[in-house]
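**Student:** sequence plus predicted model, see below.
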Amino acid sequence: MTRSDRIVKIVSYIVLTALTVVMVFPFFWMVLSSLKPFREIYRPYLFPKSPTLANYQKIMSASLFPRWFLNSLIVALSTTFSVLFFDSLVGYTIAKYSFPGRNIIFLFILSTLMIPTEMLIIPWYVMSSRLGWIDTYWGIMFPGMITAFGIFLMKQFMETIPDDLLDAARIDGVSEFGIFWRVALPLVKPALASLAILNFIGNWNAFLWPLIVSSKPRMYTLPVGLATFSSENLMHWELIMTGATVSTIPLIIVFLIFQKQIIRGIMLSGLKG
Amino acid sequence: MTAYLFLLVPLTFFVFVRFYPMISAFYMSFTDWNIISPVKNFVGFSNYVRIFKDSVFRISLLNTLKYVVLGVPSVIILSLGLALLLNNVTKGQSLYRLIYVMPYITPIVATSWVWRWMYQRPPTGVINNFLSFLGLPARSFLMSTTEALPSIVATTVWVEVGYCVIIFLAGLQNIPKEYLEAAKVDGANRRQLLFKITIPLLNPVIVFLSVMETIMFLRIFTQVYNMTDQGSGGPLNSTLPLVLYIYQKAFKSFDMGTAAAATVVLFLMILGITVLQLKVLNRRVQY
């Protein structure tokens, strides 16, 4: 390694580490603020003098946070399972069957990627209020039950499965659905994992549609609940930061467990280009 | 036959949850409908004329443009720089990458409130305290009509950088080592390698990410809703983006026709950007 290579390396490490501080500090400050009692929250020092978990107790007992947490969990898990099933089914069908209209159907599905959600929310809202879906889990979930991006992704992966494998199963008398379910799906597990984790995060964090479709506080998801709770407790930053920590921690845990799948999922989303 | 059976539910979904609502939004934009009354009169382009005469709509359009112009280059330059630096180091690369992407996966509502808290006036705002520690004057950030929008952009850049770093890094690692080696043998220096080899080869990724980020900033909503007073896009509409205007029109004043017209404007902008991307990518894909 030449001298200039070494200098470049050292400078790189210095800059990268400095930026790490910028990236992490807001999280650090969020948690520290959540540990401060109210009388300390406006004091200009970093670490709480008498750290307390009282804010967490307050949030868990005197607000709807536990309920919002549950709502978010139900919504994120249900949509993720639906997306995994339907996106891979459609991806598989388009990749592995030839039938009239296949390309048109695929193009039709892909073209819906161009429509911004914001354009659809007004008709969705009208539809939901006519059909009585306001303030229901189904109302929050239905727009995300199947995704065009996931179909595109799964099609790419299903195409890599050799046809011989599927034909062998056919000769053995496995039903068409059985071939998809027991032969094809297990072969694309890594792609399924990435799709699942990205979908879970996306639905856990979703804000605009859940904000519109839920009017009763009991039906809020965590982000909607946190937004409402925060603007109602504007002076109590220690409670707001506690709420923010509570909504963030499950994601940090998921993130630390599934970091590989998340990074790969993000890379796959760049595949579109 | 099996294929059609498998596609039955998903296709029904795409028709009723994506396609029909899109047509319905177009149609609504030509009516005077508000959700309370059953009357829906066809009014031609008058909703479009009305929004372009509405000064608040024009402000929101201008603000949206400001978000894009300030935000996209910042995200792209910063994340490209970081990815290039990350590509120099071997130890700890995945750890840095992991830390940078954390803001991207946390709920925007939570990070928005954390930044709103950090942006407070002295002596409560931690950023202002840091500025005064450095001997710099205090700033009003979200309280000021000139500083609020850039402050929201800064938060959004902090959120988006990690995502772009990952994609840039993947792009950098796809560049064949032989190209760089060959140029080195020919006596190219570090700067020439960067500007003559690496960046041109990375061009498709740069275009892709610029488009993704442009669309993201065109659709900015959650940050503004949570970082401004009562989700108003204030102070004095100085941070109000297009989507927040749509939200207020549709779900605060229930003026569905006007709101739908504004969504069509957003749709056309996104469509324009996407078509432009396809053109640029098709032209420059050969090296």
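**Tutor:** Now that the structure is in, tell me what you want to look at.
**Student:** what about B:Tyr247, distance to chain A?
**Tutor:** In this structure, B:Tyr247 and chain A are 7 Å apart, going by C-beta to the nearest C-beta, to the nearest Å. To be clear about C-beta, it is placed using only N, CA and C from the backbone, and glycine gets the same treatment.
**Student:** same check on B:Arg219?
**Tutor:** 6 Å.
**Student:** run through chain A and note the low-pLDDT ranges.
**Tutor:** Along chain A, the parts satisfying pLDDT under 70 run over A:1, A:270-273.
**Student:** could you rerun that using 80?
**Tutor:** A:1-2, A:269-273 (pLDDT under 80).
**Student:** and the residue nearest the centre of it?
**Tutor:** A:Ile201 (1.6 Å; C-alpha atoms, centre = their mean).
**Student:** could you pull up phi and psi at it?
**Tutor:** Geometry field for A:Ile201 lists phi and psi as phi -60, psi -50, criterion degrees, to the nearest 10.
**Student:** what's the answer for the one 5 residues further on, then?
**Tutor:** Note on A:Ala206: backbone dihedrals following degrees, to the nearest 10 are phi -60, psi 140.
**Student:** what sits against B:Met269?
**Tutor:** Residues in contact with B:Met269, defined by C-beta atoms under 8 Å, 6 or more residues apart in numbering or on different chains, are B:Leu218.
**Student:** thinking again about what came up before, OK, contacts around the residue nearest to the centre of chain A?
**Tutor:** Under the criterion of C-beta under 8 Å, 6+ apart, the contact list for A:Ile201 reads A:Leu251, A:Val254, A:Ile262, B:Ile105.
**Student:** which one of the residues in chain B is closest to chain A?
**Tutor:** Closest approach between chain B and chain A, counting by C-beta to the nearest C-beta: B:Phe208, at 3.1 Å.
**Student:** separation between the residue nearest to the centre of chain A and B:Ala170?
**Tutor:** Going from A:Ile201 to B:Ala170 by C-beta to C-beta, to the nearest Å gives 19 Å.
**Student:** same question, B:Ala259
**Tutor:** In this structure, B:Ala259 and B:Ala170 are separated by 39 Å, where distance is defined by C-beta to C-beta.
**Student:** between the two, which one's more packed in?
**Tutor:** The residue with the greater number of neighbours, taking B:Ala259 and B:Ala170 and applying other C-beta atoms under 10 Å in any protein chain shown, is B:Ala259; the counts read 27 against 18.
**Student:** burial measure for the spatially closest residue to B:Ser232 that is not a sequence neighbour, as a count.
**Tutor:** Ranked by C-beta to C-beta, 6 or more residues apart in numbering or on different chains and with sequence neighbours excluded, the top spatial neighbour of B:Ser232 is B:Leu240, at 7.7 Å. Applying other C-beta under 10 Å, we find 24 other residues in the vicinity of B:Leu240.
**Student:** got it, and B:Phe19?
**Tutor:** Residues within reach of B:Phe19, counting by other C-beta under 10 Å, total 18.
**Student:** which residues are in contact with the host helix or strand of B:Phe217?
**Tutor:** In this assignment (DSSP states H and E), B:Phe217 forms part of helix B:199-218. By C-beta under 8 Å, 6+ apart, the residues outside helix B:199-218 that reach it are A:116, A:270, A:272-273, B:64, B:67-68, B:71-72, B:75-76, B:79-80, B:156, B:160, B:164, B:167-168, B:171-172, B:175, B:179, B:242, B:266, B:269-270, B:273-274, B:276-277, B:280-281, B:284-285, B:287.
**Student:** same question for stretch A:232-246.
**Tutor:** By C-beta under 8 Å, 6+ apart, the residues outside stretch A:232-246 that reach it are A:30-31, A:33-34, A:36-38, A:40-42, A:55-56, A:58-59, A:63, A:65, A:69, A:222, A:225-226, A:229-230, B:109-111, B:113-114, B:117, B:124.
**Student:** low-scoring stretches of chain B, by residue?
**Tutor:** Looking at chain B by pLDDT under 80, you get B:1, B:34-40, B:280-287.
**Student:** list the contacts of A:Tyr125.
**Tutor:** Remark: with contacts taken as C-beta under 8 Å, 6+ apart, A:Tyr125 is in contact with A:Ile212, A:Val213, B:Ala250, B:Phe251.
**Student:** which residues are in contact with the residue lying closest to the third one once chain neighbours are set aside?
**Tutor:** This means B:Ala250. Nearest in space to B:Ala250, with sequence neighbours left out and distances taken as C-beta to C-beta, 6+ apart, is B:Ala259 at 3.6 Å. For B:Ala259, the residues meeting the contact criterion (C-beta under 8 Å, 6+ apart) are A:Ile122, B:Ile246, B:Lys249, B:Ala250.
**Student:** ok so, going back, just the C-alphas of the helix holding B:Phe217, formatted as CSV.
**Tutor:** This file holds the C-alpha atoms of helix B:199-218, laid out as CSV (Å, rounded to 0.1, in the frame of the first residue of the first chain):
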residue,chain,number,x,y,z
ILE,B,199,-18.6,8.5,-12.0
PRO,B,200,-19.4,7.9,-15.6
LEU,B,201,-19.9,4.2,-15.0
LEU,B,202,-22.1,5.0,-12.0
ASN,B,203,-24.2,7.3,-14.1
PRO,B,204,-27.3,5.0,-14.4
VAL,B,205,-27.3,4.7,-10.6
ILE,B,206,-27.1,8.5,-10.2
VAL,B,207,-30.0,9.0,-12.6
PHE,B,208,-32.1,6.3,-10.9
LEU,B,209,-31.5,7.7,-7.4
SER,B,210,-32.1,11.3,-8.5
VAL,B,211,-35.4,10.3,-9.9
MET,B,212,-36.4,8.3,-6.8
GLU,B,213,-35.4,11.2,-4.5
THR,B,214,-37.2,13.8,-6.7
ILE,B,215,-40.4,11.7,-6.5
MET,B,216,-39.9,11.4,-2.8
PHE,B,217,-39.5,15.1,-2.3
LEU,B,218,-42.4,15.9,-4.6
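**Student:** starting at the chain centroid, how far to that helix?
**Tutor:** The chain centroid and the centroid of helix B:199-218 are separated by 11 Å, computed with C-alpha atoms, centre = their mean, to the nearest Å.
**Student:** give me the next element, helix or strand, following that helix.
**Tutor:** helix B:222-227.
**Student:** what's in contact with that following helix?
**Tutor:** Residues outside helix B:222-227 that contact it (C-beta under 8 Å, 6+ apart) are A:207-208, A:223, A:227, A:230, B:108-109, B:112-113, B:115-116, B:119, B:142, B:148, B:151-152, B:155-156, B:159, B:231, B:233, B:239-241, B:244, B:247.
**Student:** and the longest helix along chain B, how far out from the chain middle?
**Tutor:** In chain B, with assignment by DSSP state H, the single longest helix is helix B:55-88. Relative to the chain's own centre, helix B:55-88 is displaced by 8 Å; criterion: C-alpha atoms, centre = their mean.
**Student:** residues of that helix that come out buried?
**Tutor:** Going by neighbour count (16 or more other C-beta atoms under 10 Å in any protein chain shown), the buried part of helix B:55-88 is B:57, B:59-61, B:63-64, B:66-68, B:70-72, B:74-76, B:78-80, B:82-87.
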